[in-house]
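[1] show me how the following folds:
(one chain, ligands or ions: 1)
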Amino acid sequence: MTKTYTLVVSCPDRPGIVRGVSGAIFDAGGNILDSRQFDDRETGRFFQRVVFECPGAPAGLTEAMERLAGEFAMDWKLIPGERKTRVLILVSKFDHCLGYLLYKTRMGELPMDIVGIACNHPREALAVSDIGGIPFHHLPITKDTKPAQEARIKALVDETGAELVILARYMQILSDDLASFLSGRCINIHHSFLPSFKGAKPYHQAHARGVKMIGATAHYVTADLDEGPIIHQATEAVSHEDRPDDLVRKGREIESRVLGRAVGWHITHRVFLNGAKTIVFAN
Ligand SMILES: Nc1nc2c(c(=O)[nH]1)N[C@@H](CN(C=O)c1ccc(C(=O)N[C@@H](CCC(=O)O)C(=O)O)cc1)CN2
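    Coordinates of the predicted model:
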């Protein structure tokens with residue numbers, strides 16, 4: 001039976017990388033369906049994402065990639081097309097982004113398994129979302145209980161085998177330790193067009209500043225608040241007639257859409273970390 005695979009590679013740039021990778025896929029019986037690449041002249045690093053189909057398992061590809069990895073100092077990963085990413089979602093009071101992710105997952109538009117939802121408020125706080133049979137974890141937090149609460153989050157990640165943690169308007173600052181534990185596998189939605197208006201109340205800051213555009217930013221989480229590598233952003237025009245609540249209302253749609261696209265690109269292996277930035281082979 002024909003199967004599809006995604007191969008992602010990154011390595012110091014030099015001639016012969018694309019020939020090596022495409023040759024290995026050809027020798028394994030693969031037919032390339034899509035290939036995207038980028039050569040970062042600033043860092044001298046090369047990035048490639050290849051989707052190919054193969055009549056069954058790509059025989060010998062792993063061994064060939066290991067040889068290429070030795071020759072080119074290459075980081076690489078081969079992912080079966082039907083594989084779904086295991087995801088843990090963290091949320092606080094506002095559940096519009098959670099609701100959007102649940103809907104997109106149920107519609108089959110996000111290939112992921114939501115293995116749990118954790119919230120620092122009781123279940124009843126999630127006003128609109130129907131979480132169905134997804135396990136819900138109420139993890140209250142205070143200044144004094146933060147270390148224990150975060151230890152519970154780490155345990156949940158390990159117990160559920162979560163490969164990605166999504167902060168879907170989770171309004172608690174992760175400690176350096178937890179941010180480090182989740183490095184490269186935790187995506188946050190910030191409700192402003194970063195780097196403007198960092199912090200907990202960006203819409204009020206935006207209103208006070210009198211901006212004519214608002215936006216949202218999906219980024220990987222680092223210890224430095226709202227400073228992580230950006231995956232996706234979008235904006236919408238607003239006017240003097242918009243009060244803070246209007247900005248919050250208009251922002252809900254932007255936040256949901258931006259987070260949904262960023263998560264979709266991450267779980268389909270279209271996002272590469274490149275220092276403090278990202279490379280995104282968007283679709
Ligand atoms: N280590 C990080 N943790 C978190 C990040 C991040 O980038 N790095 N993003 C936030 C989300 N966020 C903005 O997008 C944000 C959340 C919360 C706050 C904040 O000041 N929270 C207060 C408590 C507020 C409350 O209880 O309602 C606090 O934690 O003291 C600012 C920005 C998620 N975590």
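
[2] for the chain, longest helix please?
    Counting by DSSP state H, the longest helix found in the chain is helix 244-267.

[3] residues contacting the residue lying closest to K277 once chain neighbours are set aside?
    Spatial nearest neighbour of K277, chain neighbours left out: P229 (5.5 Å); criterion: C-beta to C-beta, 6 or more residues apart in numbering. Every residue, glycine included, has its C-beta placed from N, CA and C. Counting by C-beta atoms under 8 Å, 6 or more residues apart in numbering, P229 makes contact with H219, Y220, T222, L273, N274, G275, A276, K277, T278.

[4] let's see the longest helix of the chain as CSV, backbone CA atoms only.
    Output of helix 244-267 as CSV, limited to C-alpha atoms (Å, rounded to 0.1, in the frame of the first residue of the first chain):
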residue,chain,number,x,y,z
PRO,A,244,-11.3,47.9,25.0
ASP,A,245,-14.1,45.3,25.0
ASP,A,246,-14.6,45.7,21.3
LEU,A,247,-10.8,45.0,20.8
VAL,A,248,-11.1,41.9,23.1
ARG,A,249,-14.1,40.7,21.0
LYS,A,250,-12.4,41.3,17.6
GLY,A,251,-9.2,39.8,19.0
ARG,A,252,-10.8,36.5,19.8
GLU,A,253,-11.1,35.6,16.1
ILE,A,254,-7.6,36.7,15.2
GLU,A,255,-6.1,34.8,18.2
SER,A,256,-8.0,31.6,17.3
ARG,A,257,-7.0,31.7,13.7
VAL,A,258,-3.4,32.6,14.3
LEU,A,259,-3.0,29.8,16.9
GLY,A,260,-4.7,27.3,14.7
ARG,A,261,-2.4,28.0,11.8
ALA,A,262,0.7,28.0,13.9
VAL,A,263,-0.2,24.7,15.6
GLY,A,264,-1.1,23.2,12.2
TRP,A,265,2.3,24.1,10.7
HIS,A,266,4.1,22.8,13.8
ILE,A,267,2.4,19.4,13.8
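
[5] name the helices or strands packed onto that helix?
    Applying 3 or more C-beta pairs under 8 Å, 6 or more residues apart in numbering; DSSP states H and E, we find helix 244-267 packed against strand 85-91, helix 96-106, strand 164-167, strand 186-190, helix 202-209, strand 213-220, strand 230-237.

[6] name the residues that touch the fourth one?
    Counting by C-beta under 8 Å, 6+ apart, strand 186-190 makes contact with 97, 164-170, 174, 179, 198, 202, 216-221, 226, 228, 231, 255, 258-259, 262-263, 266, all of which sit outside it.

[7] please redo it, this time with the cut-off set to 7 Å
    With contact meaning C-beta atoms under 7 Å, 6 or more residues apart in numbering, strand 186-190 is reached by 97, 164-169, 216-221, 226, 228, 231, 255, 258-259, 262-263, 266.
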